[in-house]
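A.B. asks: For reference, the sequence and a predicted model appear below.
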Amino acid sequence: MKIVLSGGGTGGSVAPLLAIYQEMAKVENTEFLFIGGNNSIEKDLAEENNIRFQSITSGKFRRYFDPRNFLSPFSVILGFFQAVNLLRKWKPDIILSAGSFVAVPVVWAAWFLKIPAIIHQQDLIKGLANKLMTPFATKITVTFAESLADFPRGKTIVCGNPIRGSVLAGNRETAMHLFSLSDKVPVVLILGGGTGALTLNKVVTDSLARLLEFCQIIHIAGKGKNIFQDKNLKDLYRPDSVEEMLGKKETVQYKSSNLDRYHAHEFLNMDELKHAFNVADIVVTRAGISTLSELAVLGKPVIIVPLAGSHQEKNADYFASRNAALTLNQKILNPELFTNFIYDLLHSKSKREELKKNISIIMDKNASKTISEEIISIIKRNGSK
């Protein structure tokens, strides 16, 4: 059995593919090929998981005016022919995508070559890439029942969002050692996202002195997004090009004696992140569904800061409306509000328990198994034709 995984651009769109890979790798004689963009996060993650990787050219369809939109169709066409060539040579039994523009020419090429394809819709709002792939998909899986209205009923099923099994393997004692933590102070994990969230990172640095009075922080700022401005932190955390990112020259003085409670990283691989998830008393994150799905399975109290004006706001509203997370509006976000939210949640055990209970039941936890069964079923049907 030969399976092509395709997607990328962010770690969030790759995570469900890796979850399916982990599930399907249990099946004997199964081979995988990951098709994504060159010099991309999906290439790094595929190689980290020992999955064969091939890159193609891909455009990006932006929903706003940008001169690059005029070149995107040509990039997609080129990517289509590259994908056709790759699929003809490798002869996969099925294609699996979880959105992203790099997967569009791959799914189109699969349809052209009569190879079945499954696409997965993670977010509540249907992405443009999935809109472009829907007519060419054999099967569509969605995380939420609310998404059924956006896709053809006859070939769409609700299954939840695939979760990497490794996320459940975190260990508190390992985390304490790995991040040099104290067992006497609560731990807050702050996720800036794989590509970094400048607004969220900035409010962390502006709130740092007060936060460190009552908690320890593991801060994942995002690759290339160094946000450490204090001269003391510069020696510890290599703050290249901070001034350019923030658009100003001055530095921020924290005057904090608790800097040993601040543990900053640009990126953590899954072997590291699973331990950070485990040890965290609360998690502050954007509203990417891959991350929220993992936190739901782990039953973590969550504060969501969705990216303003994006599909993330609807994801955050969905969790908040079910009392499964607290949300903070980025437009009114400031150090005082941010600090108070974290302080109040850390000091309310009943609220944390309520959030843990509600987030744990918000979605189906068997998505990886369900989609894997669909893959096997489609391959069997296609092979019998």
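C.D. replies: That came through fine.

A.B. asks: pLDDT weak spots in the stretch 201-350 of the chain?
C.D. replies: 223-257 (pLDDT under 70).

A.B. asks: Same question for the stretch 51-200 of the chain.
C.D. replies: 59-71, 193-197.

A.B. asks: ranges for the helices of it?
C.D. replies: 72-90, 104-112, 128-133, 172-178, 198-211 (DSSP state H, counting those that start in this stretch).

A.B. asks: Report the angle between the longest one and helix 104-112.
C.D. replies: Using axes from the mean of the first three to the mean of the last three Cα atoms, to 10 degrees, one finds that helix 72-90 and helix 104-112 are set 50 degrees apart in direction.

A.B. asks: Show me which positions of helix 72-90 end up buried.
C.D. replies: 72, 75-76, 79-80, 82-84, 86-87 (16 or more other Cβ atoms under 10 Å). Where you see a C-beta, it was placed from the backbone N, CA and C, and this is true even at glycine.

A.B. asks: isn't Ser14 right next to Tyr21, touching?
C.D. replies: That one is not Ser; residue 14 is Val. No: the pair Val14 / Tyr21 is not scored as a contact, 9.9 Å apart, by Cβ atoms under 8 Å.

A.B. asks: the more surrounded of these two?
C.D. replies: Neighbour count, other Cβ atoms under 10 Å: between Val14 and Tyr21, Val14 has more, with 28 against 24.

A.B. asks: And the helix or strand where the more buried one lies, what does it pack against?
C.D. replies: Per DSSP states H and E, Val14 falls inside helix 11-24. Other helices and strands packing on helix 11-24, by 3 or more Cβ pairs under 8 Å, 6 or more residues apart in numbering; DSSP states H and E, are strand 2-6, strand 31-36, helix 41-48, strand 94-97, helix 289-298, helix 367-383.

A.B. asks: Could you chop this protein up by domain?
C.D. replies: According to automatic domain parsing, the chain is divided into the following domains: 2-163+365-383, 166-360.

A.B. asks: Just name the most buried of the helices and strands packed on helix 11-24.
C.D. replies: strand 94-97 (a mean of 27; mean count of other Cβ atoms under 10 Å).

A.B. asks: Pairing partners for it, with directions?
C.D. replies: strand 2-6 (parallel), strand 117-121 (parallel) (DSSP bridges).

A.B. asks: Export these as CSV, with columns for distance to His219.
C.D. replies: Converted to CSV, the strands paired with strand 94-97 look like this (distance: least, Cβ to Cβ, whole Å):
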stretch, distance to His219
strand 2-6, 30
strand 117-121, 30
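
A.B. asks: I'd like to know which of these lies nearest to His275.
C.D. replies: Comparison of those against His275 by Cβ to Cβ identifies strand 2-6 as nearest, at 25.8 Å.

A.B. asks: Not counting the closest one itself, show me its contacts.
C.D. replies: 17, 20-21, 24, 30-36, 46, 51, 87, 90-97, 100, 102-103, 106-107, 110, 375 (Cβ atoms under 8 Å, 6 or more residues apart in numbering).

A.B. asks: Swap in 7 Å and give it another go.
C.D. replies: Identification of contacts with strand 2-6 by Cβ atoms under 7 Å, 6 or more residues apart in numbering yields 17, 21, 24, 30-36, 90-97, 102-103, 106, 375.

A.B. asks: And stretch 299-312, by the same measure?
C.D. replies: With Cβ under 7 Å, 6+ apart, stretch 299-312 has contacts from 123, 125, 200, 277, 280, 282-288, 295, 313, 315-316, 319, 325-328, 330-331, 333, 341-342, 345, 352, 355-356, 359-360.

A.B. asks: Any of those buried? List them.
C.D. replies: Buried among these (16+ other Cβ under 10 Å): 123, 200, 277, 280, 282-288, 295, 313, 315-316, 319, 325-328, 330, 333, 341-342, 345, 352, 355-356, 359-360.

A.B. asks: Give the phi and psi angles for Phe319, as a check.
C.D. replies: When read as degrees, to the nearest 10, the backbone of Phe319 gives phi -70, psi -40.

A.B. asks: Now do it against Phe81, distance only.
C.D. replies: As judged by Cβ to Cβ, to the nearest Å, Phe319 and Phe81 stand 41 Å apart.

A.B. asks: got it, and Leu346?
C.D. replies: 55 Å.

A.B. asks: cool, Ala209 as well?
C.D. replies: As defined by Cβ to Cβ, Ala209 lies at a distance of 56 Å from Phe81.

A.B. asks: again, but for Arg164
C.D. replies: Using Cβ to Cβ, we find Arg164 at a distance of 33 Å from Phe81.
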